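> model the following, please.
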Amino acid sequence: MRIGMILDKTFPPDPRVENEAVSLVENGFEVYLFCLKYYKNQPENEVINGINIIRYQSSTLEFKLSALAYSFPFYTNRMYKKIRNFLAKYTIEAIHIHDIRIGEAVFKANNKLKLPVVLDLHDNMPEIMKYYPHVQKFPGKYLISLKKWKQKEEEFIQKATKIITVSNEFKDEVVGRTNIDNSKIKVVPNSVRKSFYEDSNLDNAILNRYKNDFVILYLGDTGLRRGLLTAIEAIPILKQTIANVKLVIVGSNTTDSVLKQKVKDLNIDHYVDFQGWQNVKLFPSYIVASTVCISPLYRNIQHDVAYANKLFQYMSFAKSVLVSNAIAQKNLIEKTESGLVHIEKDSSDFTEKIIQLFTDESLRNQLGTNGKKFIEEEFCWEKTSKELIQTYQELNS
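Predicted coordinates:
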């Protein structure tokens, strides 16, 4: 079967898209990935890890119009023509949509072909968009209809042949909201390939930089909804007990100025290290250099039903984790006994849990060991991708 994956941005990088595509290729499927390019120097066609990458020229204008995909038809109309060309030129037999922004264009292009469609919901987009800066301010606040986005999401869920979500909590939410048959939806969690922790090359410069510190590590997007203000607000108290404490933040977002201003206001510059976005190949080095790894998410509908890939990256290196009580990650950490849970937005509770881990090294080690065992025995990508493969085997039969 020849699968046409549809991604409304550049590639690489996108770990989930690559993991899914590579697994399908390894199981005998052909994968053609439709994606966008903004620069002339990117090749239109290339093969990466067995994936046929097909790039269509895009522009800053199209990128901006994507936020208005369900307010005005411009973005859908422009993407529809490209996708129609892609489906015909590469004789695609099944379509895999990565999230809903480009969904309308795909279903329009597939209107006559009537190919089976797998809708891969990485996030609950209508809910998470509430927290995007451009949706909270003029003109996006008045031009972007989140109600329309939710209506479209539910329409696509009904139209799709199969649905994929990232957690059981997300699956339950979708089934409860849309009343689709439970058998139509599969769970394919974000997780790590064995190669992430088995074949990593550690950077000695990073290890040496933090060798004398009690490192509290955060990896990934640093948008305010990710909860880093909670961790930052805990540092003034933590440094009184843990003299060598260092909050290391590897990631970025347009709202980083808010985080940096908070650090300045609290006069804790020496204790917080903003590393900015780094190549994922360096993630293992930061994790190995850390003592405790965190995911202090604020609770909302999206965060309650999904867990970030960073949790599995942390756990794969036997690091104890501290997470907020967003439901999905709380359930995961308690089930696997791989970390502690703090109340969201509560810096005092965050502080208390960090001190507990600081003072009890044996607890830290046991939690880390439990997490690593869980990844190796149950939750590496090679195991969690089975539902994805089964989905396409069913479609192919």
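> how many residues are close by residue 34?
29 (other Cβ atoms under 10 Å). In this view, the C-beta of every residue, glycine as well, is placed from N, C-alpha and C.
> longest helix in this structure, please.
Ranked by number of residues, the top helix in the chain under DSSP state H is helix 74-89.
> past that one, which element shows up next along the chain?
Downstream of helix 74-89, the next assigned helix or strand under DSSP states H and E is strand 94-98.
> for the helix or strand just after that following strand, packing partners?
Moving toward the C-terminus from strand 94-98, the next helix or strand (DSSP H and E) is helix 103-109. Packed against helix 103-109 by the contact rule (3 or more Cβ pairs under 8 Å, 6 or more residues apart in numbering; DSSP states H and E) you find helix 74-89, strand 94-98, strand 117-120, helix 146-159.
> figure out how far helix 103-109 is from the centre of its chain.
23 Å (Cα atoms, centre = their mean, to the nearest Å).
> contact partners of it?
6, 69-70, 75-77, 79-80, 83-84, 87, 95, 97, 117, 119, 152-153, 156, 159 (Cβ atoms under 8 Å, 6 or more residues apart in numbering).
> out of these, which are buried?
6, 69-70, 75-76, 79-80, 83-84, 87, 95, 97, 117, 119, 152-153, 156 (16 or more other Cβ atoms under 10 Å).
> before we move on, the earlier item: as CSV, the helices and strands packed on helix 103-109 with mean pLDDT and distance to residue 337 would be great.
Formatted as CSV, the helices and strands packed on helix 103-109 follow (pLDDT from 0 to 100; distance: least, Cβ to Cβ, whole Å):
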stretch, mean pLDDT, distance to residue 337
helix 74-89, 95, 45
strand 94-98, 97, 33
strand 117-120, 98, 30
helix 146-159, 94, 34
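> and of the ones you listed, who's closest to residue 189?
Among the helices and strands packed on helix 103-109, strand 117-120 comes nearest to residue 189, with 12.2 Å by Cβ to Cβ.
> could you list the buried residues of stretch 116-129?
The neighbour-count check on stretch 116-129 (16+ other Cβ under 10 Å) flags 116-129 as buried.
> who's in contact with residue 228?
Applying Cβ under 8 Å, 6+ apart, the residues near residue 228 are 218, 222, 249, 259, 296.
> what about residue 157, how many residues nearby?
Residue 157 has 21 nearby residues by other Cβ under 10 Å.
> state the distance from it to residue 7.
19 Å (Cβ to Cβ, to the nearest Å).
> shouldn't residue 117 be in contact with residue 160?
Yes: with contact defined as Cβ atoms under 8 Å, residue 117 counts as touching residue 160 (4.8 Å).
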